[in-house]
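In: Build me a structure from this.
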Amino acid sequence: FVASALALMPYITAYVLWTFGTFPAYLIVIRGIVGERSGYMLAAAFPAVLCNFVVGQNGFLSTALLGGALFTLVQRPILSGVLLGFLTYKPHLGLLIPIALIAGGYWRTFFVAGAVAALMAAASWGAFGTATWQAFVANIGHTSQAFLSDGWADFGKLQTAFGLVRTLGFSEPAAWSVQIVFALIAAVAVAALWRSRASYDIKAAALGAGALLATPYLYTYDLVVLAAPLAFLFRLGRARGFLAYELAGMGAACMLILIFPFVTAPVGVAAVLIV
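Out: Numbers count the residues shown, from 1 in each chain. Predicted structure coming up:
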């Protein structure tokens, strides 16, 4: 629905409305997680923000939805489910979310997210017909072939374990093997944490970082999402004190994302691993 509306406008108008329309949502969510006004500044200063502005992509919206869902999960589980339902526009970012919700026992959020996703799909089918869904399914295969198998956009731009292995010159089967290992480790870690009595800030940060590790398809504008787990860790550090080298680690993660335009390498996966 959003894309069809923007398509009716001149390109620059659509770019401005989309980018500057989603940016405030991102700022509000990160400020809410941090819990103080400095959250606005921290959110705006995160290096992936520039990457998203340059290409006019959807990183702000993805972060607002995932970060907002994690921020509201405990006290407003239904709202959290609605936000997660909307996040299905970006399905590869949600691979670990059902695992976390089930492990944590957040069943209301789980079912609301599923219902919202189903309603969105039904509304899309009703408004635009079957042909758009057929094209969508066909495009998934085409995108996988073009970007993951053939490397049309340069493997160095894929900020994932898959992209790192391919950038180093190894085969596609080797890249998939490493990516699957990363995803399985992230899934087990998230499940274990969300079943434990660990701080909710740790659980939320783990899911945010794990979601980025689990997918093979991630670009620098998607790394805006990393602001959410960083915000939860920052909030926890302000409340309980930062661990040794924790602030330095946050700085290193930001620096890795900042240098991407100069190296065009999967530095983002290293940033996510640090977080």
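In: Just say helix, strand or coil for Ala211.
Out: helix (DSSP: H, G, I helix; E, B strand; the rest coil).
In: wait, it sits on Leu226?
Out: No - between Ala211 and Leu226 no contact is recorded; they are 9.8 Å apart, counting by Cβ atoms under 8 Å. In short, each C-beta sits where N, CA and C put it, glycine included.
In: Determine how far stretch 95-107 lies from the middle of the whole chain.
Out: 16 Å (Cα atoms, centre = their mean, to the nearest Å).
In: Now do the contacts for the residue nearest the centre of the chain.
Out: For the chain, Val225 is the residue whose C-alpha lies nearest the centre (Cα atoms, centre = their mean; 4.2 Å). By Cβ atoms under 8 Å, 6 or more residues apart in numbering, the contact set of Val225 is 59, 62-63, 66-67, 93, 208, 211-212.
In: now that we have these, which one has the most neighbours?
Out: Thr63 (31 neighbours; other Cβ atoms under 10 Å).
In: From Gly169, how far out is it?
Out: To Gly169, Thr63 is 33 Å away according to Cβ to Cβ, to the nearest Å.
In: can you check Tyr15 too?
Out: In terms of Cβ to Cβ, Tyr15 sits 36 Å off from Gly169.
In: Those two - which one has more neighbours?
Out: The residue with more neighbours, out of Tyr15 and Gly169, is Tyr15; 15 against 8, by other Cβ under 10 Å.
In: Not counting its neighbours along the chain, what's nearest that one?
Out: Gly56 (4.7 Å; Cβ to Cβ, 6 or more residues apart in numbering).
In: Equivalent analysis for Ala270, please.
Out: That would be Leu256: by Cβ to Cβ, 6+ apart, it lies 5.4 Å from Ala270.
In: got a list of what the one you found touches?
Out: 267-268, 270-271, 274.
In: Using the three-state scheme, assign Phe86.
Out: helix.
In: how near is the residue nearest to the residue nearest to the centre of the chain when sequence neighbours are not counted to Ala228?
Out: Closest residue to Val225 in three dimensions, ignoring its sequence neighbours and counting by Cβ to Cβ, 6+ apart: Thr63, at 4.9 Å. Plainly put, Thr63 is 6 Å away from Ala228 if you go by Cβ to Cβ.
In: related to what we said a few turns ago, could you tell me which of the contacts of Val225 are located in helices?
Out: 59, 62-63, 66-67, 208, 211-212 (DSSP state H).
In: count of residues packed around the residue lying closest to Lys157 once chain neighbours are set aside?
Out: Excluding its sequence neighbours, the residue lying closest to Lys157 (Cβ to Cβ, 6+ apart) is Tyr219, at 6.0 Å. Using other Cβ under 10 Å, the number of residues around Tyr219 comes to 21.
In: picking up where we left off before, keeping just the C-alphas, turn the one helix or strand the residue nearest to Ala270 maps to into PDB.
Out: Using DSSP states H and E, Leu256 maps to helix 246-258. The C-alpha coordinates for helix 246-258 follow below in PDB (Å, rounded to 0.1, in the frame of the first residue of the first chain):
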ATOM      1  CA  GLU A 246      31.600  -2.500  26.800                       C
ATOM      2  CA  LEU A 247      31.500   1.100  25.700                       C
ATOM      3  CA  ALA A 248      34.700   0.500  23.700                       C
ATOM      4  CA  GLY A 249      32.900  -2.400  22.000                       C
ATOM      5  CA  MET A 250      29.900  -0.300  21.100                       C
ATOM      6  CA  GLY A 251      32.300   2.300  19.600                       C
ATOM      7  CA  ALA A 252      34.100  -0.400  17.700                       C
ATOM      8  CA  ALA A 253      30.800  -1.700  16.200                       C
ATOM      9  CA  CYS A 254      29.900   1.800  15.100                       C
ATOM     10  CA  MET A 255      33.300   2.400  13.600                       C
ATOM     11  CA  LEU A 256      33.100  -0.800  11.600                       C
ATOM     12  CA  ILE A 257      29.800   0.400  10.100                       C
ATOM     13  CA  LEU A 258      31.200   3.900   9.500                       C
END
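In: Give me the buried positions along it.
Out: Across helix 246-258, burial judged by 16 or more other Cβ atoms under 10 Å covers 249-250, 253-254, 256-258.
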